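Asks: model the structure of this input:
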Amino acid sequence: MEAVEAATQEQLGRWWRFLPSPGLRAIRAKDFQDVLQKEVKVMERIVARFNELGGWNPTLSKRIGLDP
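Replies: Coordinates of the predicted model:
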């Protein structure tokens, strides 16, 4: 969460666009629900901060593109 709070709008946008869905890496793990809950909280904060900083605009979207 510290990294999310310190991230720029562009970094937050990259994470939003390219991070795997919350819980994806733990689908068959015994701790799936724990991993899912933690990752959902982080993703929700990424989206909230990104929107607080202005959200998507054509320039940012083009700069981030489709490749991580």
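
Asks: could I get the buried residue list for the host helix or strand of Arg63?
Replies: In the assignment (DSSP states H and E), Arg63 maps to helix 58-64. Using 16 or more other CB atoms under 10 Å as the test for burial, helix 58-64 gives 60, 64. Placement of C-beta: from N, CA and C, glycine included.

Asks: contacts for it next, please.
Replies: Residues outside helix 58-64 that contact it (CB atoms under 8 Å, 6 or more residues apart in numbering) are 9-10, 13-14, 17.

Asks: low-scoring stretches of the protein, by residue?
Replies: Filtered on pLDDT under 70, the chain yields the residue ranges 68.

Asks: inside helices: which ones of the contacts of helix 58-64?
Replies: Those of the contacts of helix 58-64 mapping onto helices are 9-10, 13-14, 17, per DSSP state H.

Asks: JSON lines for those, including neighbour count and distance to Ile64?
Replies: What follows is these, written out as JSON lines (neighbours: other CB atoms under 10 Å; distance: CB to CB, whole Å):
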{"residue": "Gln9", "neighbour count": "17", "distance to Ile64": "10"}
{"residue": "Glu10", "neighbour count": "13", "distance to Ile64": "7"}
{"residue": "Gly13", "neighbour count": "22", "distance to Ile64": "5"}
{"residue": "Arg14", "neighbour count": "19", "distance to Ile64": "6"}
{"residue": "Arg17", "neighbour count": "14", "distance to Ile64": "6"}
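
Asks: from Asp67, how far out is the residue sitting furthest away from the middle of the chain?
Replies: The outermost residue of the chain relative to its centre, with distances by CA atoms, centre = their mean, is Lys30 at 23.6 Å. Per CB to CB, to the nearest Å, Lys30 is found 34 Å from Asp67.

Asks: any idea where the helices of this protein begin and end?
Replies: For the chain, applying DSSP H gives helices covering 2-6, 9-18, 32-52, 58-64.

Asks: the ones you listed: which one's closest to Leu24?
Replies: Set against Leu24 and scored by CB to CB, the helices of the chain come closest in helix 32-52, at 8.4 Å.

Asks: can you get me a residue count around Met1?
Replies: Residue neighbour count, defined by other CB atoms under 10 Å, stands at 10 for Met1.

Asks: kind regards, and thank you for your time.
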